[in-house]
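**Q** Structure of the sequence below:
(one chain, ligands or ions: 1)
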Amino acid sequence: MDIKISGLTHRYKAGTPFERLALHDVSLSIPSGTFLAVIGHTGSGKSTLIQHLNGLLKPSEGTIKVGDLTIAAGGKKKQLKALRKRVGIVFQYPEHQLFDETVEKDVMFGPMNFGQSEEAARAAAHEMIKLVGLPVEVLQKSPFDLSGGQMRRVAIAGVLAMEPDVLILDEPTAGLDPRGRKEIMDLFRTLHDQRNMTTILVTHSMEDAAYYADRILVMEKGSTYLEGTPAEIFAKREELQAVGLDVPETVQFLLRWQGKTGKPAEMSSFTIEDTAKAISADFGKGGSTC
Ligand SMILES: Nc1ncnc2c1ncn2[C@@H]1O[C@H](COP(=O)(O)OP(=O)(O)OP(=O)(O)O)[C@@H](O)[C@H]1O
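**A** Residues are numbered from 1 along each chain as shown. As a prediction, this is how the structure comes out:
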């Protein structure tokens, strides 16, 4: 589903002495099926931007178009509900939002809230729990009897059960160990490819942006700063450093390894095994963040 953001401005606590301009005149097109990573220094407006995409925040000015649905300042409640059905968000620590007595009820909650029958919601819960790599037996357990990693998968299944066309991931691997991070990010990339979703990942990990995304948006002080393919963005080392973002060596390795630099001949200077070792050594340290 295509997304088009035009002239989006957001002011927190508008009209009060605490007013804060968090987004200023942001315009951006995200074609259907894109895997976009949004990076930027802390406070640059990443979370504010994505919260507009599923109606958690309303624009102070400007419009957001998701498919044929347009949200503008003063948008109606009905429109926001329709938007939330299309756009699912996996927040940081999504397991904190689990609440029901069984995993099954928790995963069924979203689809039923959007009008699906109990039977359809139950079928969705079964399908999604398998999709996120958990055995169906967990459906009858309390979510609070599961490990942290399993709880996160349950929460992700709950978002997927609503069958969103657009999936937003706000630091979805925060707090996981390197193996857990990779498993969850691989899952999102696979889902993206299999279901042809539009995926938007907010991340502080340059490696994840380079490795998983097709395009990268760099935010700075509430505005779009750079936009392009991972190779184009990470070639602009000085511009990135100017806004406090570092390009770790592993990112260059990753891009060459994936052939994303457009210069496959450079691969001859080292083997894939060397590259993989360098990458896993860096991932083992938890990766580089900004
Ligand atoms: N609820 C709020 N009330 C007032 N100001 C806010 C609120 N939430 C965010 N801000 C401000 O808006 C600006 C953008 O914040 P935002 O959280 O969107 O940035 P971010 O890039 O997501 O940061 P981080 O990487 O730390 O999550 C910051 O100056 C922040 O202090």
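**Q** Gly40: what's it in contact with?
**A** Contact analysis of Gly40 by CB atoms under 8 Å, 6 or more residues apart in numbering lists Lys46, Val218, Met219, Glu220, Tyr225, Val243, Leu245, Cys290. Using the backbone N, CA and C atoms, a C-beta is placed for each residue, glycine as well.
**Q** try 7 Å
**A** Counting by CB atoms under 7 Å, 6 or more residues apart in numbering, Gly40 touches Lys46, Val218, Met219, Glu220.
**Q** These: which ones sit near the ligand?
**A** When contact is defined as CB under 6 Å from any ligand atom, the contacts of Gly40 meet the ligand at Lys46.
**Q** tell me which of the contacts of Gly40 is nearest to the ligand?
**A** Within the set of these, Lys46 lies nearest the ligand; the separation is 3.6 Å, counting by CB to the nearest ligand atom.
**Q** Can you give me the neighbour number for that closest one?
**A** Applying other CB atoms under 10 Å, we find 23 residues neighbouring Lys46.
**Q** Next, it: phi, psi?
**A** Backbone torsions of Lys46, given as degrees, to the nearest 10, read phi -60, psi -50.
**Q** Any idea which helix or strand in the protein has the lowest mean pLDDT?
**A** Ranked by mean pLDDT, DSSP states H and E, the weakest helix or strand in the chain is helix 272-284, scoring a mean of 51.
**Q** now the strands for the stretch 1-150 of the chain?
**A** Ranges of strands in the stretch 1-150 of the chain, per DSSP state E, counting those that start in this stretch, are 3-12, 20-30, 35-40, 61-66, 69-72, 87-90.
**Q** circling back to that earlier point, quick one: the contacts of Gly40 as TSV, columns for secondary structure too.
**A** Below are the contacts of Gly40 laid out as TSV (DSSP: H, G, I helix; E, B strand; the rest coil):
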residue	secondary structure
Lys46	helix
Val218	strand
Met219	strand
Glu220	strand
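**Q** Now rank the contacts of Gly40 by neighbours and give me the top one.
**A** Met219 (25 neighbours).
**Q** tell me the mean pLDDT for stretch 257-265?
**A** For stretch 257-265, the mean per-residue pLDDT is 57.
**Q** try stretch 109-119
**A** pLDDT averaged over stretch 109-119 gives 93.
**Q** Quick one: the strands in the stretch 151-290 of the chain, in order.
**A** 166-170, 198-202, 215-220, 223-228.
**Q** now those strands in JSON lines, with mean pLDDT?
**A** Putting these into JSON lines (pLDDT from 0 to 100) gives the following:
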{"stretch": "strand 166-170", "mean pLDDT": "95"}
{"stretch": "strand 198-202", "mean pLDDT": "97"}
{"stretch": "strand 215-220", "mean pLDDT": "98"}
{"stretch": "strand 223-228", "mean pLDDT": "97"}
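**Q** Arg215: neighbouring residues, count only.
**A** By other CB under 10 Å, neighbour count at Arg215 equals 19.
**Q** List the contacts of it.
**A** By CB under 7 Å, 6+ apart, the neighbours of Arg215 are Thr34, Leu36, Glu227, Gly228, Thr229.
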